[in-house]
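Enquirer: fold the following.
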Amino acid sequence: MDSYPPSVNELAESLSGSGLPHPVLVKEIRKAINEGDWENLETRIQRIKTMSLQTVINATGVLLHTNLGRAPWPYSSAGQAINLELDLNSGVRGSRQDHVGSLFATLCDAEAAMIVNNCSSAVLLVLSALASEKGVAISRSEMVEIGGNFRVPDVLELSGAYLVEVGTTNRTRREDYERAILANRDVGMVMKIHQSNYKIVGFTESVEIDELSDMGVPLVADIGSGLLDESCSWLEMAPPVWIAGEPAAKQALASGADLVTFSGDKLLGGPQAGIIAGDAELIAKCMKHPLARAVRPGGLILSSLQELALNYLNRDWEAIPFWKMAMTSIDELEDRVKKIGCGDPVSLESVPGGGTLPGVAIPSVGIQINEDISHDLRLGAGGSPPIIARVEEGSTFLDLRTVDPRCDEHVASALHELI
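Expert: This next block holds a predicted model:
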């Protein structure tokens with residue numbers, strides 16, 4: 001004889017301690033009853049709870065883990081009004097771009113800068129404002145696709161510009177650009193796109209920014225990952241060896257780029273945003289384009305970027321979580337492993353992640369557990385926030401470079417409970 005479920009209200013009452021709002025419980029209960037799965041409600045409720053956005057501990061060794069929000073950054077707000085578009089001196093409406101844009105212009109040694117909601121938006125806005133119905137010359141080796149099927153040719157089409165392919169997949173020379181511009185009189189822009197998530201090796205050749213700065217049309221460099229200055233002037237020590245060769249905004253502009261575009265949540269170490277910096281006249285055209293309003297950031301992002309920029313300008317790199325974890329010494333990591341006191345200490349290799357610096361490894365130290373406990377760690381063993389580790393050949397590895405030291409006690413509690 002088939003069993004019948006209790007009433008929806010009875011089931012909702014029995015699960016009232018789950019922490020989920022009553023309407024969410026009722027919706028899931030009705031769905032479970034319709035699917036004949038009401039006896040597994042507790043499992044279903046637990047699955048819903050794990051779907052909510054929450055703080056997790058990144059023990060993967062990927063510094064800029066896209067699935068974990070890339071650069072860790074402490075968003076904060078007083079929950080009060082801010083002078084987002086109010087000029088306090090005159091009392092009239094101002095621009096949300098002026099102050100934060102000025103700070104990033106200073107950081108990049110640029111005439112001007114503006115902020116949008118991500119780097120893809122930055123590229124789309126620049127193309128729409130400066131090259132709509134015109135050709136854009138791009139090397140075939142730079143026809144990138146990033147996550148989510150974001151392809152450069154598709155963005156060009158969306159902006160109203162069209163692609164003028166230059167060179168070959170593995171070899172592009174200056175004369176290729178010259179020939180493309182001569183053959184297409186309405187080419188309105190040359191764009192350099194950094195191969196941020198792949199490398200072409202072997203019989204290759206490419207053209208540097210300084211070789212393209214006199215083509216007679218704006219030169220835009222999408223450097224992507226957001227390194228401000230190759231000298232890392234905000235650090236008290238020499239730049240880390242693993243950023244060698246990574247294009248930087250300051251040097252790209254100094255080499256002749258009219259504009260650079262880059263991300264806020266990669267090597268910059270801040271919230272998700274896109275920064276456009278360079279020639280003031282070109283920035284002004286971007287600001288006046290109708291799309292600029294659609295891709296503008298809100299007050300929380302601008303406030304966060306203001307704080308981040310001031311940290312850079314004050315050389316307070318330890319206040320930037322990304323740089324603090326990236327520059328942690330091996331000795332400090334080894335000391336933390338000993339204090340956690342669980343599992344086997346092991347040398348590891350962290351990676352930058354986030355579509356930056358492909359093939360680069362950063363020496364690190366972590367903990368090896370000779371079994372797969374990743375599922376229990378993700379579900380908050382020991383009362384901890386979810387811990388995201390990596391599994392290789394049946395063993396679990398926790399890389400402490402990407403774990404905030406304030407979370408070490410949580411890691412220790414979870415590991416001691418499980419093993």
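Enquirer: what's the offset of stretch 367-384 from the middle of its chain?
Expert: 26 Å (CA atoms, centre = their mean, to the nearest Å).
Enquirer: hmm, who's touching it?
Expert: Contact partners of stretch 367-384, identified using CB atoms under 8 Å, 6 or more residues apart in numbering, comprise 50, 57, 59, 337, 340, 342-346, 386-391, 394-398, 400, 410-411, 413-419. For every residue, glycine as well, the C-beta is placed using N, CA and C.
Enquirer: end-to-end on it?
Expert: Using CA to CA, to the nearest Å, the end-to-end distance of stretch 367-384 comes to 17 Å.
Enquirer: can you point out the buried residues in that stretch?
Expert: Across stretch 367-384, burial judged by 16 or more other CB atoms under 10 Å covers 367, 369, 373, 374, 377, 380, 381, 382, 384.
Enquirer: look up how far residue 416 lies from the fourth one.
Expert: Read that as residue 374. 17 Å (CB to CB, to the nearest Å).
Enquirer: repeat for the fifth one
Expert: If you measure residue 377 against residue 416 using CB to CB, the figure is 12 Å.
Enquirer: then residue 30?
Expert: From residue 30 to residue 416 the distance is 41 Å (CB to CB).
Enquirer: got it, and residue 352?
Expert: According to CB to CB, residue 352 and residue 416 sit 31 Å apart.
Enquirer: now list the buried members of the contacts of stretch 367-384.
Expert: When the contacts of stretch 367-384 are checked for burial by 16+ other CB under 10 Å, the buried set is 57, 59, 337, 340, 342-343, 346, 387-390, 395-398, 400, 410-411, 413-415, 418.
Enquirer: what residues does stretch 39-46 touch?
Expert: 5, 11, 15, 18, 20, 25, 28, 29, 32, 37.
Enquirer: and the helices in the stretch 1-150 of the chain, which stretches?
Expert: 8-14, 22-34, 41-51, 98-108, 119-131 (DSSP state H, counting those that start in this stretch).
Enquirer: and if you look at the stretch 301-419 of the chain?
Expert: Counting by DSSP H, counting those that start in this stretch, the helices of the stretch 301-419 of the chain are 321-326, 330-340, 374-378, 408-418.
Enquirer: okay, the shortest one in PDB with CA atoms only?
Expert: C-alpha atoms of helix 374-378 as PDB (Å, rounded to 0.1, in the frame of the first residue of the first chain):
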ATOM      1  CA  SER A 374      36.800  16.600  -0.400                       C
ATOM      2  CA  HIS A 375      33.100  16.100  -0.200                       C
ATOM      3  CA  ASP A 376      33.000  16.200   3.600                       C
ATOM      4  CA  LEU A 377      35.200  19.300   3.600                       C
ATOM      5  CA  ARG A 378      32.800  21.100   1.100                       C
END
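Enquirer: residue ranges with poor pLDDT in the stretch 151-300 of the chain?
Expert: 196-200, 202 (pLDDT under 70).
Enquirer: without its sequence neighbours, what residue ends up closest to residue 19?
Expert: Distances taken as CB to CB, 6 or more residues apart in numbering place residue 49 nearest to residue 19, at 6.9 Å, with adjacent residues excluded.
Enquirer: for the one you found, which residues are in contact?
Expert: 18, 19, 20.
Enquirer: one more: residue 143?
Expert: With contact set as CB under 8 Å, 6+ apart, residue 143 has these partners: 151, 152, 153, 165.
Enquirer: mind listing what residue 132 touches?
Expert: With the criterion set at CB under 8 Å, 6+ apart, residue 132 makes contact with 159, 160, 161.
Enquirer: circling back to that earlier point, and the contacts of residue 49, which of them are in strands?
Expert: When DSSP state E is applied, these are split such that none fall in strands.
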